[in-house]
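Novice: how would this look folded up:
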Amino acid sequence: MHTGGEPVRIVTSGYPPLFGATLLEKRRDARDRHDALRCLLMFEPRGHADMYGAVLVEPDHPEADLAVLFLHNEGYSTMCGHAVIALGRWAVDSGLVAAQEPDTAVNIQCPCGLVRTLVSVENGRAGRVRFRSVPAFAFARQVMVDTRDWGPLEIDIAYGGAFYALLSADSIGLEVAASSVRALSDAGEAITAAAAEISLAHPDDPDLAFLYGTIFTDGRDAYEADASRNVCVFAGRQVDRSPTGSGVTARVALQWTRGEIALGQTRTFESVTGACFTATAVEETTVGHHRAVVVEVAGKAHYSGEARFTLEPDDPLGEGFLLG
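Specialist: Down below sits the predicted model:
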């Protein structure tokens, strides 16, 4: 499937059982014992540097309908909004969750926690999906990081199921546009590396405390009716084709913390493909000592095909490779 042009390869069978009492423990088991399968599924010749995947596993949360591990070219992320949108629709279409009109609830356990989705259903067909992820918060504001190419830069860090560095693209002379993707991917990799020196912490689990990527915005953070653009660079130079569900969640949390958007105000966020998600801060809460907010994100995923992958024992390249 794809959501806003961002691929998600849903692994429905053939993956070995994972050990662990919790989903984060299963994530560690996948990384330690079965990482070759991530490479096989994400890398060339079956994938590419910007491929994304979702492996269905047995949930341990009592309210979950399904659980998922997210895969990309570098490893295993803790939250992925575009994949959640695709999984919500797939769960209804596949019959894993019985369809109910006008909305079907699908609870998806992600490594960051339980994500509640509502899938719109009309004439038995699943459509647009909206989800409420774990509470999001601004972790650090106006932090200076030293970069080789741009010198000191001011960034914010926010959490939306994963931690992101956020800054305006024009602060380094770029714009959020498809024509700037190569320059943005280079810059995002460098800024994420510089910001990784900042010590992160999450009160729920230390496995959540890592910087996932950098989000460049168009600088239009104060609430207005028109869409604001952003692009997320993660896993090295991987560029999200969608507006990034967890990134939009983090961005809204930052805007809400700064007083730029109020509870109940819905904002549209556009990606470099022109795809749009809407996001609304719906509920104030806390995460440890952080003021936090629950954000509802909505978008639509589409099917792109089905595949069955094999590995021949004499294939010297079959386990996967990346060029560049």
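Novice: all contacts plus neighbour counts: C-alpha atoms, from now on.
Specialist: Will do.
Novice: what's the separation between the closest residue to Ala227 other than its chain neighbours and Glu224?
Specialist: Excluding the flanking residues, the one nearest Ala227 by Cα to Cα, 6 or more residues apart in numbering is Thr268, at 4.7 Å. As for Thr268, its distance to Glu224 is 9 Å (criterion: Cα to Cα, to the nearest Å).
Novice: more neighbours: those two, which one.
Specialist: Each of Thr268 and Glu224 has its neighbours counted (other Cα atoms under 10 Å); Thr268 has more, 20 against 14.
Novice: tell me if Gly259 really is in a strand.
Specialist: No - secondary structure of Gly259 (DSSP: H, G, I helix; E, B strand; the rest coil): coil, not part of a strand.
Novice: how close does it sit to Asp221?
Specialist: Distance from Gly259 to Asp221, counting by Cα to Cα: 10 Å.
Novice: with neighbour numbers in mind, choose between the two.
Specialist: The neighbour count for Gly259 versus Asp221, taken as other Cα under 10 Å, is higher for Asp221 (20 against 13).
Novice: sec struct for that one, please.
Specialist: Three-state assignment for Asp221 (three-state DSSP): coil.
Novice: give the contact list for it.
Specialist: Applying Cα atoms under 8 Å, 6 or more residues apart in numbering to Asp221 gives the contacts Ser228, Gln255, Glu260.
Novice: cutoff 7 Å now
Specialist: Contacts were defined as Cα atoms under 7 Å, 6 or more residues apart in numbering; by that measure Asp221 touches Gln255, Glu260.
Novice: and for the one 4 residues further on?
Specialist: The contact partners of Ala225, taken as Cα under 7 Å, 6+ apart, are Arg267.
Novice: which stretches of the stretch 101-250 of the chain form strands?
Specialist: 103-110, 113-122, 125-132, 137-147, 151-159, 163-168, 211-217, 228-234, 238-239 (DSSP state E, counting those that start in this stretch).
Novice: endpoint to endpoint, stretch 220-227 covers what distance?
Specialist: 9 Å.
Novice: any idea how far His289 is from the nearest residue to Thr266 once chain neighbours are set aside?
Specialist: Sequence neighbours aside, Thr280 is the residue nearest to Thr266 in space, at 4.5 Å (criterion: Cα to Cα, 6+ apart). Here Thr280 is placed at a distance of 22 Å from His289 (Cα to Cα).
Novice: same question for Ala138.
Specialist: According to Cα to Cα, Ala138 and His289 sit 11 Å apart.
Novice: so these two - more neighbours on which side?
Specialist: Taking neighbours as other Cα under 10 Å, Ala138 and His289 compare with Ala138 leading, 25 against 7.
Novice: pretty sure the residue nearest to Thr266 contacts Arg267?
Specialist: Yes - assessed by Cα atoms under 7 Å, Thr280 is found in contact with Arg267 at 6.5 Å.
Novice: what helix or strand is the closest residue in space to Leu18 that isn't next to it in sequence located in?
Specialist: What sits nearest to Leu18 in space, not counting adjacent residues and going by Cα to Cα, 6+ apart, is Lys26, at 5.5 Å. Taking DSSP states H and E as the definition, Lys26 sits inside helix 23-33.
Novice: what comes up buried for that helix?
Specialist: Buried residues in helix 23-33, counted by 16 or more other Cα atoms under 10 Å: Leu23, Leu24, Lys26, Arg27, Arg28, Asp29, Ala30, Arg31.
Novice: can you check stretch 122-136 too?
Specialist: Quick answer for stretch 122-136 (16+ other Cα under 10 Å): Ala126, Gly127, Arg128, Val129, Arg130, Phe131, Arg132, Ser133, Val134, Pro135, Ala136.
Novice: what of stretch 153-168?
Specialist: So for stretch 153-168, counting by 16+ other Cα under 10 Å, buried means 153, 155-168.
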